[in-house]
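> Below is the sequence, then the predicted model.
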Amino acid sequence: MTARQWLALAGLTCSAFVFNTSEFMPIGLLSSIAGGFGLTEAQAGMMTSIYAWAVMALSLPLMVFASRFEFKRLLLTVIALFTAGQFACAVAPTFELLVAARLLVACAHAIFWSIASVMATRAVAPEQGSLALSMVATGTSVAMVFGLPLGRAIGLAVGWRMTFACVGVVGAVLAVYMAAIFPRIPAGERFGLRRLPALFRNRALLTVYVSTLLVATGYYTAYSYIDPYLAQVAHLDAGTATMALTVFGAAGLAGSLLFSRAYDAHRLPFLGTALAGLSAALLLLNVAAPFVAGIFGMLALWGACNTAFGIAFQAEIIRYARPDEASVAVALYSGIFNLGIGSGSFFGGMASTAFSLSSIGLAGGVLAAVGSVVCLVGLARAGRTAE
């Protein structure tokens, strides 16, 4: 890989870090934002739900519209839109305008995650595609480890508005960097809506989409309530819980590294191991909860397998979609994954209310396990059909 390719991938990795930090940043600033507008935390928390549902709804139509544009120009436009949205958040005088500004950021988010993996693989030689995908995923993992605590620290020190402003400044710097470094990547044939049914007739893609919905829903059934779970079920103090979540994010880096080393040579075994590990971590969460070492171990397994399956699913989509369909196929994946985020949060809340908070791991694990079986059986059959 040339130095320029490394620099281009580094820019995409940083972009992934910034976009993911921005998505979940309001969670760490919720109390400050609520206090600033005289709202309850539950009311302010609707901003996160609206963001996820907006990404779900916008990913496909925006990517169909954007499929006509050259990738570098599209990326720079997306980063500019993202940056403008951050500055708008920083100066929003009312909560309604803050939500509107976040919707602007959600539009940028929807397109970015539809093109990031495709751009990463097309910026390098085909045999380096797995490494390129793992680098982009590393940005996501680092955001979970450092991005959210950093955003929270800035917000506590100088106010939540300054946190959004700082992200906007970073976005502006990224735009300049990517304009100078990233290569031009021609757009494929324009994707029309009449071609959409063909994606769903692709058995392998349909398998990945159904599995994504099930596994993501299972994952977020538990993860959406992991903070109170650690406090009320595992009985960890605030400092230990923070360390546990840091381990969760750091383990994602290991999952990314394992993907770059093992996926190409052992596709289905790698995917099966990642899905089995994720399901097991959720199903055994209550078994590990009474023991500090046990809960740390389960969170490490959960974090590593979560990152591994997420990158592998995107790689499978790129593998089975035609080159001129890849961006829209990934956009569908992004939308379905965000549907899983919203559905998981809903089901986790239902499980906690109907049973207890300790039930979220079992509920999420069952969904993830079903999704794992659907994925492995479906892809194995699709592979035999292709042969």
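Nice, I can see it.
> Spell out which residues make up each domain of the chain.
1-187, 192-387 (automatic domain parsing).
> Take these and lay them out in a markdown table including mean pLDDT and mean neighbour count.
Just so you know, the C-beta spots here come from the backbone N, C-alpha and C atoms, and that holds for glycine as well. Formatted as a markdown table, the domains of the chain follow (pLDDT from 0 to 100; neighbours: other C-beta atoms under 10 Å):
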| stretch | mean pLDDT | mean neighbour count |
| --- | --- | --- |
| domain 1-187 | 84 | 19 |
| domain 192-387 | 86 | 20 |
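> Quickly find the element holding Ala276.
Using DSSP states H and E, Ala276 falls within helix 267-283.
> contacting residues around that helix?
The set of residues external to helix 267-283 that reach it, using C-beta atoms under 8 Å, 6 or more residues apart in numbering, is 215, 218-219, 222, 255, 258-259, 262-263, 298-299, 301-302, 304-306, 308-309, 312, 316, 361-362, 364-366, 368-369, 371-372, 375-376, 379-380, 383.
> quick one: which of these sit in helices?
Mapping the contacts of helix 267-283 onto helices (DSSP state H) picks out 215, 218-219, 222, 255, 258-259, 262, 298-299, 301-302, 304-306, 308-309, 312, 316, 361-362, 364-366, 368-369, 371-372, 375-376, 379-380, 383.
> Pull the distance from the helix holding Ala276 to the chain's centre.
18 Å (C-alpha atoms, centre = their mean, to the nearest Å).
> what's the next secondary structure element after it?
Next element after helix 267-283 (DSSP H and E): helix 285-288.
> Which elements pack onto that following helix?
helix 292-320, helix 360-386 (3 or more C-beta pairs under 8 Å, 6 or more residues apart in numbering; DSSP states H and E).
> Dump those to a markdown table, plus distance to Val105.
Converted to a markdown table, the helices and strands packed on helix 285-288 look like this (distance: least, C-beta to C-beta, whole Å):
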| stretch | distance to Val105 |
| --- | --- |
| helix 292-320 | 21 |
| helix 360-386 | 28 |
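> Hmm, Ser358 is touching Asn286, no?
Yes. Using C-beta atoms under 8 Å, Ser358 is in contact with Asn286, at 5.6 Å.
> shared neighbours, the two?
Val233.
> How about Leu58, nearest residue that isn't a chain neighbour?
Ala110 (4.3 Å; C-beta to C-beta, 6 or more residues apart in numbering).
> so which helix or strand takes in the one you found?
helix 95-122.
> okay, the angle between that helix and helix 292-320?
70 degrees (axes from the mean of the first three to the mean of the last three C-alpha atoms, to 10 degrees).
> quick check, distance from helix 95-122 to the centre of its chain.
11 Å.
> Against which helices or strands is the helix or strand following that helix packed?
In the C-terminal direction, the helix or strand that comes right after helix 95-122 (DSSP H and E) is helix 129-142. Using 3+ C-beta pairs under 8 Å, 6+ apart, the elements in contact with helix 129-142 are helix 3-28, helix 95-122, helix 238-262, helix 292-320.
> Of all the helices and strands packed on helix 285-288, which one is nearest Thr138?
The closest of the helices and strands packed on helix 285-288 to Thr138 is helix 292-320. By C-beta to C-beta, the value is 8.7 Å.
> Just the angle for that closest one relative to helix 267-283, thanks.
Going by the same axes, to 10 degrees, helix 292-320 makes 140 degrees with helix 267-283.
> And helix 292-320, what does it pack against?
Checking 3+ C-beta pairs under 8 Å, 6+ apart, helix 292-320 ends up next to helix 95-122, helix 129-142, helix 203-223, helix 238-262, helix 267-283, helix 285-288, helix 326-354.
> Just to check, Cys166 is in contact with Ile154?
Yes. In this structure Cys166 lies within contact range of Ile154 using C-beta under 8 Å: 5.9 Å.
> Distance of the residue nearest to Leu58 relative to Leu285?
Separation of Ala110 from Leu285 (C-beta to C-beta, to the nearest Å) stands at 31 Å.
> same question, Arg381
31 Å.
> Could you do Met47 as well?
For Met47, the distance to Leu285 - C-beta to C-beta - is 28 Å.
> same deal with Phe182?
41 Å.
> Residues touching the strand or helix carrying Leu81, excluding its own?
Assigned by DSSP H and E, Leu81 belongs to helix 71-91. With contact meaning C-beta under 8 Å, 6+ apart, helix 71-91 is reached by 15, 18-19, 22, 66, 69, 97-98, 100-102, 104-105, 107-109, 111-112, 115, 118-119, 122, 161-162, 164-165, 167-168, 171-172, 174-175, 178-179, 182-187.
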